[in-house]
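Undergrad: Prediction below, plus the sequence it came from.
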Amino acid sequence: GASKAIELLGAQDKITLFAVDSEPHEIIPLREIGNSKKKLMNLARKVKSTGGGIYVYRGLKAAWDELKKADSGTRHIILFSDARDSEQPGAYKALLKEITANSGSVSVIGLGTRSDPDAALLEEIAKLGNGRIFFTNKPVDIPKLFAQETVTVARSAFIRDPVHTKATGHWAEISPKPFEFPPQVDGYNLSYPKDRNTTTSLVANDEYLGPLVAHASRGIGRSVAVSFPL
């Protein structure tokens, strides 16, 4: 997940990464990505799951202590934690108040569900951190959530490599006449459906499954978004 986030950032962006159990372990100190993206991605992939519970306050504190050194206009923390084993919240409310007062924000990706014992804590951290909360009990979804959150914060991520496409069959909601979509596009703007009312008719046949053609009701009509160059 962290590696996927790094992949979607630009050369001018900065990154810091900590692995957290009862203590934060610095994997990547705050630094500009520059031309070291592959190296940083490999460092992120080497993180192993060890130790016991996740001490969320210490993790957030370590991340903020690094991040507040940055002069970037956007300073954002993604906390990945176990919804069943997030321990020692400490003075997290005061810490989050300091973060948000200094143009920072915190989003949370929780491994588990909203019914898990520590889910309420993770939801509150995201709320007080002016961020978003995600839950999943499917490990395969974790990189996608990191990607989604990174794109939301960075606001720009263009996939520049050609990608094959896959029709979903939902174009029938627009017209009963079949539409022949291009089998491949020369890249696309990585995005995500806005909400449950958005229907995707064409997706990128890659690891992101990003929408290429999506539509939603708008008044008595519909709006359509196309996210690849014509």
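TA: Arrived safely, thanks for sending. Computed from a prediction, not measured in an experiment: that's the story for all the values here.
Undergrad: Could you use CA atoms for every contact and neighbour count after this?
TA: Will do.
Undergrad: residues making contact with the lowest-mean-pLDDT helix or strand in the chain?
TA: Ranked by mean pLDDT, DSSP states H and E, the weakest helix or strand in the chain is strand 158-159, scoring a mean of 77. Outside strand 158-159, the residues that touch it by Cα atoms under 8 Å, 6 or more residues apart in numbering are 187, 188, 189, 190.
Undergrad: Just the pLDDT for the closest residue to the second one other than its chain neighbours.
TA: Translated: residue 188. Excluding the flanking residues, the one nearest residue 188 by Cα to Cα, 6 or more residues apart in numbering is residue 228, at 4.2 Å. Per-residue confidence (pLDDT) for residue 228: 93.
Undergrad: Work out the sheet partners of the least confident helix or strand of the chain and label each with its direction, please.
TA: Here strand 158-159 is paired, per DSSP bridges, with strand 188-189 (antiparallel).
Undergrad: farthest pair in the contacts of strand 158-159?
TA: 187 and 190 (9.1 Å; Cα to Cα).
Undergrad: The two: which is more packed in?
TA: The neighbour comparison of residue 187 against residue 190 (other Cα atoms under 10 Å) goes to residue 190, with 22 against 18.
Undergrad: Cross-check the contact I'm expecting between the more buried one and residue 209.
TA: No: between residue 190 and residue 209 there is no contact under Cα atoms under 8 Å: 9.2 Å.
Undergrad: And the helices in the protein?
TA: Assigned by DSSP state H, the helices in the chain fall at 2-8, 37-45, 56-67, 92-101, 119-128, 142-154.
Undergrad: and these as a markdown table, adding mean neighbour count and mean pLDDT?
TA: Formatted as a markdown table, the helices of the chain follow (neighbours: other Cα atoms under 10 Å; pLDDT from 0 to 100):
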| stretch | mean neighbour count | mean pLDDT |
| --- | --- | --- |
| helix 2-8 | 21 | 91 |
| helix 37-45 | 15 | 95 |
| helix 56-67 | 21 | 94 |
| helix 92-101 | 17 | 95 |
| helix 119-128 | 20 | 95 |
| helix 142-154 | 19 | 88 |
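Undergrad: Show me the one of the ones you listed that comes nearest residue 18.
TA: Across those, closest to residue 18 is helix 56-67 (Cα to Cα), at 7.1 Å.
Undergrad: who's in contact with that closest one?
TA: By Cα under 8 Å, 6+ apart, the list of residues contacting helix 56-67 reads 16-20, 22-24, 29-30, 75, 77, 79, 81, 86-92, 95, 99.
Undergrad: List the buried residues of stretch 129-143.
TA: 129, 130, 131, 132, 133, 134, 135, 136, 142, 143 (16 or more other Cα atoms under 10 Å).
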